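1. Sharing a model that was predicted from the sequence below.
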Amino acid sequence: MIDLKFLRENPDAVKENIRKKFQEHKLPLVDEVIELDGKARSVQQEADSLRANRNSISKQIGALMGQGKKDEAMALKEQVGRDAARLEELEGQEKELQERITQIMMTIPNIIDPSVPIGRDDSCNVEIEKYGEPVVPDYEIPYHTQIMERFDGIDLDAAGKVAGNGFYYLMGDIARLHSAVISYARDFMIDRGFTYCVPPFMIRSNVVTGVMSFDEMDAMMYKIEGEDLYLIGTSEHSMIGKFIDTIQDEEKLPYTLTSYSPCFRKEKGAHGIEERGVYRIHQFEKQEMIVVCKPEDSMFWYDKLWQNTVDLFRSLDIPVRTLECCSGDLADLKVKSCDVEAWSPRQQKYFEVGSCSNLGDAQARRLKIRVKGTKGKYFAHTLNNTVVAPPRMLIAFLENNLNADGSVRIPEALQPYMGGKEVLTPLHD
């Protein structure tokens, strides 16, 4: 959510940003907010005047009563009564106007960074850099579920009976590999100075609307029936929520946290063959990283965060690339974002395994995450990035470490988390 004062003083800049996001249908909202804001300030001014007048008259009434001027005092009391009725009316208007302004402001997209490429959708995203040499072996790379089945490592049929499509059982060496990757990612981030955290896996609605747009909320979140609780789609939601309605000491910034959680997502829409198996699912586990920092430091941390993910994947011998998200592919709260994509030897292309986002002060403004510094109070900047999400990451891992005989090589960095194993041997062809 952008600053109302900024919108009031720079409506053309806000409209131009909306055009860059290809959301022309939102252009009239800028003028509507300005009109509502004008009314709200006028109402507030009149209400403040009545409150001040009430305090003054109350003192006069006391003085008149003390002087025995009861009739004059009663006349002023009648005026106070009339003013009270008008004040109640104004306060009702003020509340309605502010609620409407807030509702609209939460749908107006954040101001994107000037470096963001302009484009309508993800087809306009721009490759930044490749890391590692993508290899296509001279032997067949099966679909990831077929690789897992050779190790008796997955059961989608049983999961379908228990929970429906979009769920899975991982077993044996594949399940162990899944947990090993999470544990390795946790320690990887701790070694880089991040504080480890296990957050709540459910959050209240005011946190949900503080960390994401309404469109994202509708597409992703599962609501707990009968309670003001939602299952998290990523631990970033509850991790940023940890700082809700707080005033942080500037000297303690930045907060750098890495968190583990299960994640739950609706994943609406139909998906193609490459999204079967464990690619696009309703439940998965994830290691996340978040930063709360001073505004002038947020771009520095943005580059640090995506580099962490690149370094982790490269330590597991998985080629990756970074992809700059264009304006039309950015969620409304984001200032700048890039995806980390892993190489798929089977598909002979890259696919998304993580996303790094700088949200500026949008989340902090919604959640009232403020900082007290030498120059007064201001809103913090928040950032998040995927360290690793093993179900999807397992696809990249298995494909890039698969040997011709069907065995899977375990990179040296991961071996301590796999009981010292250097290779996984399939149970059958």
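-> Looks like it arrived, so ask away. If you're wondering where the values come from, they're calculated on a predicted model, not measured in any experiment.
2. Okay, now the unreliable bits of the stretch 251-400 of the chain?
-> Within the stretch 251-400 of the chain, the ranges that satisfy pLDDT under 70 run 268-276.
3. Please list all residues in contact with residue 422.
-> Residues counted as contacts of residue 422 (Cβ atoms under 8 Å, 6 or more residues apart in numbering) are 409, 410, 415. Glycine gets a C-beta too; all of them are placed from N, C-alpha and C.
4. The same query, at a cut-off of 6 Å, please.
-> By Cβ atoms under 6 Å, 6 or more residues apart in numbering, residue 422 lies in contact with residue 410.
5. swap in the one 5 residues further on?
-> Remark: with contacts taken as Cβ under 6 Å, 6+ apart, residue 427 is in contact with 151, 152.
6. in which helix or strand would I find it?
-> When elements are defined using DSSP states H and E, residue 427 is found to belong to no helix and no strand.
7. so what pLDDT did residue 404 get?
-> As predicted, residue 404 sits at a pLDDT of 96.
8. ok, it touching residue 139?
-> Yes: the pair residue 404 and residue 139 qualifies as a contact (Cβ atoms under 6 Å) at a distance of 4.5 Å.
9. Do me a favour and average the pLDDT over whichever strand or helix holds residue 38.
-> When secondary structure is defined by DSSP H and E, residue 38 falls within helix 27-66. Looking at helix 27-66 alone, the average pLDDT works out to 82.
10. Repeat that for stretch 169-188.
-> Looking at stretch 169-188 alone, the average pLDDT works out to 97.
11. Show me what counts as buried in it.
-> 170, 173-174, 176-178, 180-188 (16 or more other Cβ atoms under 10 Å).
12. Contacts made by it with the rest, please.
-> With contacts defined as Cβ under 6 Å, 6+ apart, stretch 169-188 is touched by 148, 151-155, 158-159, 287, 312, 387-388, 390, 414, 417-418, 424.
13. and that stretch, how far out from the chain's middle?
-> Computed by Cα atoms, centre = their mean, to the nearest Å, the separation of stretch 169-188 from the middle of its chain amounts to 24 Å.
14. so who does residue 202 touch?
-> Taking Cβ under 6 Å, 6+ apart as the contact definition, residue 202 lies against 229, 231.
15. now swap in residue 261 and tell me
-> Contacts here follow Cβ under 6 Å, 6+ apart; on that basis residue 261 touches 201, 235.
16. ok, so what distance separates it from residue 237?
-> Using Cβ to Cβ, to the nearest Å, one obtains 9 Å as the distance from residue 261 to residue 237.
17. again, but for residue 6
-> For residue 6 relative to residue 237 (Cβ to Cβ), the value is 26 Å.
18. Those two: who's more crowded?
-> With other Cβ atoms under 10 Å as the criterion, residue 6 and residue 237 differ in neighbour count, and residue 237 comes out ahead with 29 against 12.
19. Please, which helix or strand holds the more buried one?
-> Under the criterion of DSSP H and E, residue 237 resides in helix 235-241.
20. now the strands: where do they sit in the stretch 151-300 of the chain?
-> According to DSSP state E, counting those that start in this stretch, the stretch 151-300 of the chain carries its strands in the segments 154-155, 169-170, 195-197, 202-203, 222-223, 230-231, 246-249, 255-264, 283-293.
21. CSV for the ones you listed, including distance to residue 45?
-> As requested, the strands of the stretch 151-300 of the chain are exported to CSV (distance: least, Cβ to Cβ, whole Å):
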stretch, distance to residue 45
strand 154-155, 65
strand 169-170, 62
strand 195-197, 45
strand 202-203, 38
strand 222-223, 40
strand 230-231, 39
strand 246-249, 28
strand 255-264, 39
strand 283-293, 36
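22. from these, which stretch is densest packed?
-> For the strands of the stretch 151-300 of the chain, the largest average neighbour count (mean count of other Cβ atoms under 10 Å) is found in strand 283-293, namely a mean of 24.
23. Okay, now the sheet partners of it, with direction.
-> In the sheet, strand 283-293 lines up against strand 255-264 (antiparallel), strand 381-388 (antiparallel) (DSSP bridges).
24. so after the shortest one, what's the next helix or strand?
-> Following the chain from strand 381-388 toward its C-terminal end, the next helix or strand by DSSP H and E is helix 390-400.
25. I'd like to check the angle between that following helix and strand 381-388, please.
-> Inter-element angle recorded for helix 390-400 and strand 381-388: 50 degrees (by axes from the mean of the first three to the mean of the last three Cα atoms, to 10 degrees).
26. Run the chain-centre distance for helix 390-400.
-> Put simply, helix 390-400 sits 23 Å off its chain's centre (Cα atoms, centre = their mean).
27. Show residues contacting whatever helix or strand comes next after that helix.
-> Secondary structure here is assigned by DSSP H and E; on that basis, the next helix or strand after helix 390-400 toward the C-terminus is strand 408-409. With contacts defined as Cβ under 6 Å, 6+ apart, strand 408-409 is touched by 401, 402, 423, 424.
28. distance of residue 258 from residue 301?
-> 13 Å.
29. Quick check: which of the strands paired with strand 283-293 is nearest to residue 296?
-> With respect to residue 296, and counting by Cβ to Cβ, the nearest of the strands paired with strand 283-293 is strand 381-388 at 8.7 Å.
30. Which residues belonging to the closest one are considered buried?
-> 381, 382, 383, 384, 385, 386, 387, 388.
31. ditto for stretch 92-100
-> Buried positions in stretch 92-100, judged by neighbour count with 16+ other Cβ under 10 Å: 93, 94, 97.
32. was I right about the second one contacting residue 43?
-> Yes: A contact is recorded between residue 94 and residue 43 when judged using Cβ under 6 Å, the distance being 5.0 Å.
33. would TSV of the strands paired with strand 283-293 with distance to residue 213 be doable?
-> Below are the strands paired with strand 283-293 laid out as TSV (distance: least, Cβ to Cβ, whole Å):
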stretch	distance to residue 213
strand 255-264	18
strand 381-388	15
